[in-house]
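Trainee: pasting the structure only:
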């Protein structure tokens, strides 16, 4: 089987490289868009208690739906293509990042904030120097979990014509080719592993810099 995989990749290396790049680009774009929306939304929920209840309820409902199931529900509502797939994957990642961001900020002890303000720090300084460093571990937990969902779900999103490694999985299933099926599955798993290492390193560096900044 390994020889078959090596032989196939040797004959289709350019096509495989394009699929890997497409899958990574799709995942990174969707994750970045989700962070830009979900992190401010989570902070807003933590700061504005009146908005917290309805927003968190909606996000919690979305979160309990299995990621693949949620993606399948979204697929018929959008057109095929790269941008539409990014939209679907971004919606998929919003609950995880938003809820963890909300938890990171809302679980900070009020006594810590009162002590910081008592030392003469403004609300903006308290937010930047105290709240955000304390919330970062939870925020990164949400980002890391969401990124795994995006990378794996992008495989199913190949049905939307966005390309990526999912095409190997579906073609392999259609023509009963274990070679293509394994190429797609192993490659997605490898991307998820590399992603986890990169985000772990960024989390470690970011939190360290915040705490010593």
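Mentor: That came through fine. These numbers were taken from a predicted model, which means no experiment stands behind them. Numbering: from 1, shown residues only.
Trainee: shaky segments in this protein?
Mentor: 66-72, 74-80, 160-162, 206-213 (pLDDT under 70).
Trainee: hang on, isn't residue 192 packed against residue 150?
Mentor: No. Taking Cβ atoms under 8 Å as the definition, residue 192 is not a contact partner of residue 150, at 9.6 Å. The way it works is simple: take the backbone N, C-alpha and C, and place the C-beta from them, glycine included.
Trainee: which of those two has more neighbours?
Mentor: The residue with more neighbours, out of residue 192 and residue 150, is residue 150; 27 against 16, by other Cβ atoms under 10 Å.
Trainee: just the element for the more buried one, please.
Mentor: helix 132-156 (DSSP states H and E).
Trainee: same for that helix, what does it pack against?
Mentor: helix 13-47, helix 67-74, helix 82-106, helix 166-174, helix 178-212 (3 or more Cβ pairs under 8 Å, 6 or more residues apart in numbering; DSSP states H and E).
Trainee: mind checking how far the third one is from the chain centre?
Mentor: Averaging C-alpha positions (Cα atoms, centre = their mean, to the nearest Å) puts helix 82-106 7 Å from its chain's average.
Trainee: tell me the angle that helix makes with helix 132-156.
Mentor: Orientation of helix 82-106 against helix 132-156 (axes from the mean of the first three to the mean of the last three Cα atoms, to 10 degrees) gives an angle of 150 degrees.
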